[in-house]
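Visitor: Give me a 3D structure for the following:
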Amino acid sequence: MNGSKIDGKKVTEEMLLDKGYRKYSGEKLDIYYSKDICAHIGNCVRGNPDVFEVGRRPWIIADNGGVEDDIQVINTCPSGALKYIRKDGK
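Guide: Sure thing, here's the model as predicted:
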């Protein structure tokens, strides 16, 4: 799944917040999460527990991983509950 798109369209912060996603800000990447969509498969926590750790608050810390690594993990989310917006415009 492409974590930067919904229905083939590039995501925007407004779109994601309107759909109920919560924003987790990072220096180079913002990660968005929707608890209502999440299927709790666990690809995120297995993919990078430094970024995604369920027992911690906040449970997502984008800056604990590299941008490309974060994106790779987000793209493995089968439900689409995780999305991202790069701050470098790519």
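Visitor: show me what contacts D30?
Guide: Contact analysis of D30 by CB atoms under 8 Å, 6 or more residues apart in numbering lists 13, 23-24, 62, 84-85, 87. The C-beta positions use only the backbone N, C-alpha and C, and glycine is treated the same way.
Visitor: ok so it is a strand residue?
Guide: Yes - under DSSP: H, G, I helix; E, B strand; the rest coil, D30 falls within a strand.
Visitor: Could you report the pLDDT at it?
Guide: Predicted confidence (pLDDT) at D30: the value is 98.
Visitor: hang on, the earlier thing: would JSON lines of the contacts of D30 with distance to N2, pLDDT and neighbour count be doable?
Guide: Listed next are the contacts of D30 as JSON lines, based on distance: CB to CB, whole Å; pLDDT from 0 to 100; neighbours: other CB atoms under 10 Å:
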{"residue": "E13", "distance to N2": "17", "pLDDT": "97", "neighbour count": "13"}
{"residue": "K23", "distance to N2": "19", "pLDDT": "98", "neighbour count": "16"}
{"residue": "Y24", "distance to N2": "19", "pLDDT": "98", "neighbour count": "20"}
{"residue": "A62", "distance to N2": "18", "pLDDT": "97", "neighbour count": "22"}
{"residue": "Y84", "distance to N2": "10", "pLDDT": "98", "neighbour count": "22"}
{"residue": "I85", "distance to N2": "13", "pLDDT": "97", "neighbour count": "20"}
{"residue": "K87", "distance to N2": "18", "pLDDT": "94", "neighbour count": "13"}
